[in-house]
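> when you get a sec, could you give me coordinates for this:
(2 chains)
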There are 2 protein chains.
Amino acid sequence: MKLEVYADRMSQPSRAVIIFCKVNGIDYTERKVDISKREHLTPEFAEIHPMKQLAAIVDGNFKLFESHSILIYLACAFPGVADHWYPANLFKRSKMHSVLYWHHSNLRRAADTYVTNTTILPALGHPSNQQAAAEAEKLLFSSLSKIESFWLKGDGPFLLGRNQPSIADLSLVCELMQLEVLDEKDRERFLGPYKKVQQWIKHTRNATSPHFDNVHNILMKVKEKLKNKPLMEANHGGALDIQKRLRSRI
Amino acid sequence: MKLEVYADRMSQPSRAVIIFCKVNGIDYTERKVDISKREHLTPEFAEIHPMKQLAAIVDGNFKLFESHSILIYLACAFPGVADHWYPANLFKRSKMHSVLYWHHSNLRRAADTYVTNTTILPALGHPSNQQAAAEAEKLLFSSLSKIESFWLKGDGPFLLGRNQPSIADLSLVCELMQLEVLDEKDRERFLGPYKKVQQWIKHTRNATSPHFDNVHNILMKVKEKLKNKPLMEANHGGALDIQKRLRSRI
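This is a model prediction of the structure:
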């Protein structure tokens, strides 16, 4: 039976897993779990992932969740995946593990908390936690600074100075892409100072073209609608659709 | 040159790495980095770990940080380490990865934030973040509940139903051990309802005896001193030493 990927493209880990499959020619079926319709809370999805989050995969009898562990599994289980995505060399692989674990406590935590509390919740008219947003802002700047000065030091354009992308590049760049829904000035305030980070996003996008843009399409539509129609002022028509999409983020 | 482990035993990831080395007979030199003396902020330590956290290792020319990536590296690099610590089988290994990534966004985040804001900061007379503590309390209960009902389901006494411990058991149990410094009733409030979790802690301790207790000795001393001498009431003598130890946690 073909690999099944349970995903909602509004979730950044889902996007990373889907792009990885497409770029590496992994034959899979995308099972959409629409978080805005609370499909992740159904008993059917609890059979796939008891903790009710995305992404998750089913490969034959094997079920797995947590996007980093999925990406590592796919890189190891499908023989066509090039070594640069998850190197066999123990030293290179270990360094990649350290980026992936660092990501969880830094960039992921920061970007998600900031975007949710400054953009998603206000757009839906829900109360947000300003203290959490302020702490996330600090952590986001600090994470970007560490990517720029440490993880991207070296000659190559990718993390750890590599010349080709790894699962860490894909995961972290998909995380950063959610900043697209911020107010343009706010996004520029975060990314503007970090030239290497900007170049790295472009390189990762190019290396996974055209899948990167195709899979991010839904996020770009949300970005455009947020820019053109502040939701609290246009609570009808297209705004309803965008509200539904945003609800999948909280 | 012998493996060097840079650690402060007041940090739970440091304890996990040290216990792993001792249990598996890995020959190493422990380099104490006293966080209470801000030794992790020195230029010398920045050469080892530019992000100034513990644990970190140096193995010949190879430097590595993030405790999960260190544990995986040690399990792979030292041939005497038994397979159950980090199974070669892709399916078993992938499930273990999912526990380790889950840990970062759940138990680690919850336990650390709760203990810091309810115990460490007040004991030092510093202001604490009550909203963060309340959110961490919820996440801690939810994490314990998931360990009890999901990660510990199955026949064996260890995570994922195994009969022998893995690096995930060691890492998560070391994390939970920091609850020892809480007020006894508060600790009981968290762990009391989770009988499997209590048994799992005992099994992990027994499987790594006597190293587990030896390495946790410093934490138990802190626990006793906090119990006998609330720091804000006895700001002298033994309390100064304990304050110094606690400062290494913030």
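
> for residue A:5, phi and psi?
With angles defined as degrees, to the nearest 10, residue A:5 sits at phi -110, psi 120.

> how near is it to residue A:36?
For residue A:5, the distance to residue A:36 equals 19 Å [C-beta to C-beta, to the nearest Å]. (Glycine included, C-beta is placed from N, CA and C.)

> for residue A:13, same thing?
For residue A:13, the distance to residue A:36 (C-beta to C-beta) stands at 17 Å.

> make sure residue A:30 is indeed in a helix.
No - using DSSP: H, G, I helix; E, B strand; the rest coil, the assignment for residue A:30 is strand, not a helix.

> burial check on it, number of neighbours?
Residue A:30 is flanked by 15 other residues according to other C-beta atoms under 10 Å in any protein chain shown.

> do residue A:16 as well
Burial of residue A:16 is recorded as 27 neighbouring residues (other C-beta under 10 Å).

> what residues are up against it?
If you count contacts by C-beta atoms under 8 Å, 6 or more residues apart in numbering or on different chains, residue A:16 has them with A:55, A:67, A:71, A:167, A:170, A:171, A:174.

> go on, residue A:173?
Neighbours of residue A:173 in contact, by C-beta under 8 Å, 6+ apart: A:200, A:201, A:204, A:205.

> cutoff 6 Å now
Going by C-beta atoms under 6 Å, 6 or more residues apart in numbering or on different chains, residue A:173 touches A:201, A:204.

> report pLDDT for it.
As predicted, residue A:173 sits at a pLDDT of 98.

> wait, a helix at residue A:187?
Yes - the assignment for residue A:187 (three-state DSSP) places it in a helix.

> near chain B, which residues of chain A are found?
Contact residues (C-beta under 6 Å from any C-beta of the partner chain) of chain A with chain B: A:50, A:62, A:64-66, A:68-69, A:72-73, A:76, A:90-91, A:94, A:97-98, A:101-102, A:104-105, A:150.

> quick check on the residues you listed: which are buried?
A:64-66, A:68-69, A:72-73, A:94, A:97-98, A:101-102, A:104-105 (16 or more other C-beta atoms under 10 Å in any protein chain shown).

> what is the burial count for residue A:80?
If you count neighbours by other C-beta under 10 Å, residue A:80 ends up with 7.

> higher neighbour count, residue A:5 and residue A:36?
Higher neighbour count among residue A:5 and residue A:36: residue A:5, with 25 against 17, using other C-beta under 10 Å.

> check contacts around the more buried one.
Taking C-beta under 6 Å, 6+ apart, one finds A:17, A:28, A:30, A:57 in contact with residue A:5.

> for the residues you listed, which two are the farthest from each other?
Farthest apart among the contacts of residue A:5 by C-beta to C-beta are A:30 and A:57. That separation is 10.7 Å.

> nearest residue to residue A:103 in space, please, no chain neighbours.
Spatial nearest neighbour of residue A:103, excluding adjacent residues (C-beta to C-beta, 6 or more residues apart in numbering or on different chains): residue A:172 at 5.7 Å.

> kindly provide the distance from the one you found to chain B.
For residue A:172, the distance to chain B equals 14 Å [C-beta to the nearest C-beta, to the nearest Å].

> do the same with residue A:152
Distance from residue A:152 to chain B, counting by C-beta to the nearest C-beta: 13 Å.

> was I right about that residue contacting residue A:196?
Yes - using C-beta atoms under 6 Å, residue A:152 makes contact with residue A:196 at a distance of 4.6 Å.

> and those two? Which one has more around it.
For residue A:152 versus residue A:196, neighbours defined as other C-beta under 10 Å are more numerous around residue A:152 (21 against 15).

> which residues does the more buried one contact?
Neighbour list for residue A:152: A:196, A:200 [criterion: C-beta under 6 Å, 6+ apart].

> residues touching residue A:215, list them.
Residues near residue A:215 by C-beta under 6 Å, 6+ apart: A:15, A:18, A:19.

> quick check: closest non-adjacent residue to residue A:28.
Using C-beta to C-beta, 6+ apart, the nearest residue to residue A:28 is residue A:3, at 4.2 Å.

> where does pLDDT dip in chain A?
Flagging of chain A using pLDDT under 70 yields the residue ranges A:229-250.

> what secondary structure does the residue nearest to residue A:103 sit in?
The local conformation at residue A:172, judged by three-state DSSP, is helix.

> pull out the buried residues from the helix or strand harbouring residue A:135.
Residue A:135 is located in helix A:130-146, with elements delineated by DSSP states H and E. For helix A:130-146, the neighbour count (16+ other C-beta under 10 Å) marks A:132, A:133, A:135, A:136, A:137, A:139, A:140, A:143, A:144, A:146 as buried.

> gap between the nearest residue to the fifth one once chain neighbours are set aside and chain B?
Nearest residue to residue A:137 in three dimensions, chain neighbours excluded: residue A:114, at 5.8 Å (C-beta to C-beta, 6+ apart). In this view, residue A:114 and chain B are 16 Å apart by C-beta to the nearest C-beta.

> OK, contacts around residue A:114?
Contacts for residue A:114 (C-beta under 6 Å, 6+ apart) come out as A:133, A:136, A:137, A:140.

> now do the helices in chain A.
Listed in chain order, the helices found in chain A under DSSP state H are A:12-23, A:43-48, A:67-77, A:90-103, A:109-115, A:121-123, A:130-146, A:167-177, A:184-191, A:195-207, A:211-228, A:238-247.

> save those helices as TSV, and put in distance to residue B:192 too.
Converted to TSV, the helices of chain A look like this (distance: least, C-beta to C-beta, whole Å):
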stretch	distance to residue B:192
helix A:12-23	34
helix A:43-48	27
helix A:67-77	31
helix A:90-103	31
helix A:109-115	29
helix A:121-123	35
helix A:130-146	29
helix A:167-177	37
helix A:184-191	44
helix A:195-207	46
helix A:211-228	44
helix A:238-247	36
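
> for the ones you listed, which one sits closest to residue B:124?
The closest of those to residue B:124 is helix A:130-146. By C-beta to C-beta, the value is 19.9 Å.

> from memory residue A:129 sits against residue A:117, does it?
Yes - under the criterion of C-beta under 6 Å, residue A:129 makes contact with residue A:117 at 5.4 Å.

> more neighbours: those two, which one.
Set residue A:129 next to residue A:117 and count neighbours by other C-beta under 10 Å: residue A:117 wins out with 23 against 16.
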